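**Q** output the structure for:
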Amino acid sequence: MITVPSCSAHNLANSQDVEYVRNAIASLEGLNGTGELLIDTAKRSFDHSPALFQRTFQSFVVHSQEEQVGTFKADLSRVKAVMTAVVQALHYRDQHQKWGRWQVFVPSLGSEASLIHKRSDGCEAFRELLSRIPYVDQPTAEPEVFKYGSNALDWGWTYRLTFYAGFVVNAWMLRDDADMQEKPSMRSAQ
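**A** Okay, the predicted model is just below:
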């Protein structure tokens, strides 16, 4: 497990969001065997808090009984909060730099139109662009659970986080005009 220094307020402030995101990831298809085992943890969490189960899957729609396929609306603000915290911690650990402004995109999530009806969600070109960034893989203790790569582009850092070999998150620095004045110092050695 990767750890970074954190005050208890920041460490505990998003614990309910972390639980929500973990349980939502556990319900997705395309995870590796380790990720499939996560459903047992999610089930215990839902047994402990039926209200959390209801909030997580209140929008669930069954699309195929035979294939056990359905969709639900993920709370993207909670996903973004958790993934922003993760990338902030990784960036601080690797680059020794606090950076609070990140954009998060989850190419693993799609719309009902794209997942069930096989129609475009308008993000295919953007997903392709993000997949072509040459990320430098960083060492992790259990890459079957979590691995990540980073890259220092001309305008700042970008990251690809991969959970259970199937849930991918991209994050990149957001900058404003004042930040552009510091551009050379942002390109720390990898």
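**Q** going forward, measure contacts and count neighbours with C-alpha atoms only.
**A** Fine.
**Q** any regions of this structure where pLDDT drops low?
**A** Applying pLDDT under 70 to the chain flags residues 1, 7-12, 68, 177-190.
**Q** which stretches in it count as helices?
**A** For the chain, the helices defined by DSSP state H cover 8-13, 15-26, 33-48, 50-57, 76-95, 112-115, 124-131, 177-180, 183-186.
**Q** format the ones you listed as CSV; extra columns: distance to residue 141 and mean neighbour count.
**A** Below are those laid out as CSV (distance: least, C-alpha to C-alpha, whole Å; neighbours: other C-alpha atoms under 10 Å):
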stretch, distance to residue 141, mean neighbour count
helix 8-13, 21, 10
helix 15-26, 19, 19
helix 33-48, 14, 15
helix 50-57, 30, 14
helix 76-95, 14, 18
helix 112-115, 32, 14
helix 124-131, 23, 12
helix 177-180, 34, 10
helix 183-186, 27, 12
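**Q** adding distance to residue 150, write those out as JSON lines.
**A** Conversion of those to JSON lines gives the following (distance: least, C-alpha to C-alpha, whole Å):
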{"stretch": "helix 8-13", "distance to residue 150": "23"}
{"stretch": "helix 15-26", "distance to residue 150": "22"}
{"stretch": "helix 33-48", "distance to residue 150": "23"}
{"stretch": "helix 50-57", "distance to residue 150": "31"}
{"stretch": "helix 76-95", "distance to residue 150": "9"}
{"stretch": "helix 112-115", "distance to residue 150": "28"}
{"stretch": "helix 124-131", "distance to residue 150": "12"}
{"stretch": "helix 177-180", "distance to residue 150": "20"}
{"stretch": "helix 183-186", "distance to residue 150": "14"}
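**Q** of these, which is nearest residue 140?
**A** Residue 140 lies closest to helix 76-95 among these, at 11.2 Å (C-alpha to C-alpha).
**Q** show me the contact partners of that closest one.
**A** The contact list for helix 76-95 (C-alpha atoms under 8 Å, 6 or more residues apart in numbering) reads 3-4, 14, 17-18, 20-21, 97-100, 102-104, 159, 169, 171, 188, 190.
**Q** and residue 76, how far from residue 154?
**A** Distance, residue 76 to residue 154, using C-alpha to C-alpha, to the nearest Å: 28 Å.
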